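S.K.: below is the structure, and that's it, no one-letter string:
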Ligand code: AMP
Ligand code: MG
């Protein structure tokens, strides 16, 4: 059986970048930058004032001159004033271009006006409330590099650098197909032996959170003819990714692998030494990546976070494929008795500078409640046991993972963690 590292490496090796497209600033939010952003001008573009106040020259500061002749007013956006002579001051509004010769600004509330004379009880140091041209960045400075997932602040930064639009990676196109005779869409009544489809909605959400355009094909019955037609349709759609749920285990009606083989897909791996999600399958069909995720809902989520999401990150130009785990301190004991590498759900809180992880005790790989409660996966080697206070690596929830919420993200709807050790 493949190790997790081997499986991830195989996914990385088979994944190709998606081409860039041009997005306006607003649609670029959450997309992955596919160009360098280089400052088109200095910021600030001119020496300016951080306060509404009065200008001071170096000569007046050096001479300790507390009374100055008022020479006029400058508004933000106004024309550049002539050089400021010693002994004179200009009233300047925040953002107004400072005249040459002005080296400090005293706020309006710290000075008094009498007729045409300004009195300054306490002179500031040179540089006070002055924003120097280019002090944030100089024209030509590289500000953002390709591969960055754009935040609102990034979009603001790019606009401050003069960019009306940004090249971003194209969204990978994905087809989603859920298998199972027993699976019915939520909203329909549950018949005998039926279960509501939770993998479809989870995967559709996870795919789009990870930046993909998803076409959800719904549920297909465990019959070869239906499975073949549905998978063929998915593979022949103009997509980079096909994600399947269920039907990859050892059951009598697990048809995904034989159908993929019959259609000519190359099975890269089937079964990985991880817990949960051991039966996970990865195949390629031309340039289409195919993930067959085990039907158990937690297996679906874990396999998505640890194998599918890395492929989506690479397709959109993000690296590394899987961000490194961080170290957390255990708040309770946890063990992985089995031989496989375990991704164990935990809640995480920042306490006195350390991330403290409370291991959950899920009922199994069908425990969707534990999964939604979790904020991290503890990475536990096979045959390991840990005590409170031990340090273990963990993959933290991010907006791209399927997990509950960001650590410390505030109270969720789930008050009492199911099976919590505490
Ligand atoms: P399978 O991998 O097809 O053998 O399914 C494993 C388990 O996951 C079974 O208990 C299924 O009923 C359950 N399951 C499969 N697909 C779904 C789904 N879309 N939503 C919820 N549970 C599912
Ligand atoms: Mg099934």
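M.R.: Noted; the coordinates are in hand. Not measured: the values here are computed from a predicted model. Ligands and ions are numbered 1, 2, ... in the order given.
S.K.: switch to C-alpha atoms for all contacts and neighbour counts from now on
M.R.: Will do.
S.K.: buried residues, the lengthiest strand in the chain. List them.
M.R.: For the chain, the strand with the greatest residue count under DSSP state E is strand 341-351. By 16 or more other C-alpha atoms under 10 Å, the buried positions in strand 341-351 come out as 341-349.
S.K.: follow the chain on from that strand and name the next helix or strand.
M.R.: Once the chain leaves strand 341-351, the next helix or strand it forms, by DSSP states H and E, is strand 354-359.
S.K.: what does that following strand rub up against?
M.R.: By C-alpha atoms under 8 Å, 6 or more residues apart in numbering, the surrounding residues in contact with strand 354-359 are 327-334, 344-350, 378, 420-422.
S.K.: and stretch 206-213, by the same measure?
M.R.: Stretch 206-213 has contacts (C-alpha under 8 Å, 6+ apart) with 30-31, 171-174, 214, 304, 309, 312-313, 316, 399-402.
S.K.: again, but for stretch 48-63
M.R.: 84-98, 101-109, 123-126, 129-133.
S.K.: apply 6 Å and report the result again.
M.R.: 86, 89-98, 101-108, 129-131 (C-alpha atoms under 6 Å, 6 or more residues apart in numbering).
S.K.: with adjacent residues omitted, what lies nearest to residue 171?
M.R.: Distances taken as C-alpha to C-alpha, 6 or more residues apart in numbering place residue 212 nearest to residue 171, at 5.0 Å, with adjacent residues excluded.
S.K.: so for the one you found, what's the pLDDT?
M.R.: On pLDDT, residue 212 comes in at 96.
S.K.: do the same with the one 5 residues further on
M.R.: According to the per-residue confidence, residue 217 scores 98 in pLDDT.
S.K.: next, the nearest residue to it once chain neighbours are set aside: secondary structure please.
M.R.: Of all residues not flanking residue 217 in the chain, residue 177 sits nearest, at 5.3 Å (C-alpha to C-alpha, 6+ apart). Here residue 177 is recorded as strand under DSSP: H, G, I helix; E, B strand; the rest coil.
S.K.: residue 177 touches residue 246, doesn't it?
M.R.: No. With contact defined as C-alpha atoms under 6 Å, residue 177 does not count as touching residue 246 (9.2 Å).
S.K.: can you give me the distance of the residue of the chain most remote from its centre to residue 239?
M.R.: Here the centre of the chain is the reference, and by C-alpha atoms, centre = their mean the most remote residue is residue 115, at 57.6 Å. As for residue 115, its distance to residue 239 is 75 Å (criterion: C-alpha to C-alpha, to the nearest Å).
S.K.: same question, residue 175
M.R.: 7 Å.
S.K.: higher neighbour count, these two?
M.R.: Using other C-alpha atoms under 10 Å, the more surrounded residue of residue 175 and residue 239 is residue 175, with 26 against 18.
S.K.: that one is in contact with residue 218, isn't it?
M.R.: No. Look at residue 175 against residue 218 with C-alpha under 6 Å: they stay out of range, at 9.8 Å.
S.K.: any idea what the residue nearest to residue 217 is bridged to?
M.R.: For residue 177, the beta-bridge partners are residue 244 (DSSP bridges).
S.K.: contacts only, for the residue nearest to residue 74 when sequence neighbours are not counted.
M.R.: Nearest non-adjacent residue to residue 74, counting by C-alpha to C-alpha, 6+ apart: residue 92, 4.8 Å away. Residue 92 sits next to 52-54, 73-74 when contact means C-alpha under 6 Å, 6+ apart.
S.K.: mind doing that once more with 8 Å?
M.R.: 49, 51-55, 73-76, 98.
S.K.: around ligand 1, which positions in the protein sit nearby?
M.R.: Contact residues, the chain versus ligand 1 (C-alpha under 6 Å from any ligand atom): 178, 180, 183, 196-200, 246-249, 294-297.
S.K.: low-scoring stretches of this protein, by residue?
M.R.: 405-422 (pLDDT under 70).
S.K.: per-domain residue ranges of it.
M.R.: The chain breaks down by automatic domain parsing into domains covering 4-18+171-315, 21-43+136-169, 48-131, 326-396.
S.K.: would you confirm that residue 255 contacts residue 227?
M.R.: Yes. Taking C-alpha atoms under 8 Å as the definition, residue 255 is a contact partner of residue 227 at 7.3 Å.
S.K.: between these two, who's got more neighbours?
M.R.: Shown here are residue 255 and residue 227; by other C-alpha under 10 Å, residue 227 has more neighbours (23 against 20).
S.K.: hmm, residue 256 and that one touching each other?
M.R.: Yes. At 7.4 Å, residue 227 and residue 256 qualify as touching, with contact defined as C-alpha under 8 Å.
S.K.: what about the strands in the stretch 51-200 of the chain?
M.R.: 53-57, 67-74, 88-92, 102-107, 112-114, 117-119, 130-131, 142-144, 166-169, 173-179, 183-184, 195-196 (DSSP state E, counting those that start in this stretch).
S.K.: tell me the strands beside the third one, with direction?
M.R.: By that I understand strand 88-92. According to DSSP bridges, strand 88-92 has these partners: strand 53-57 (antiparallel), strand 67-74 (parallel).
S.K.: all set now, cheers.
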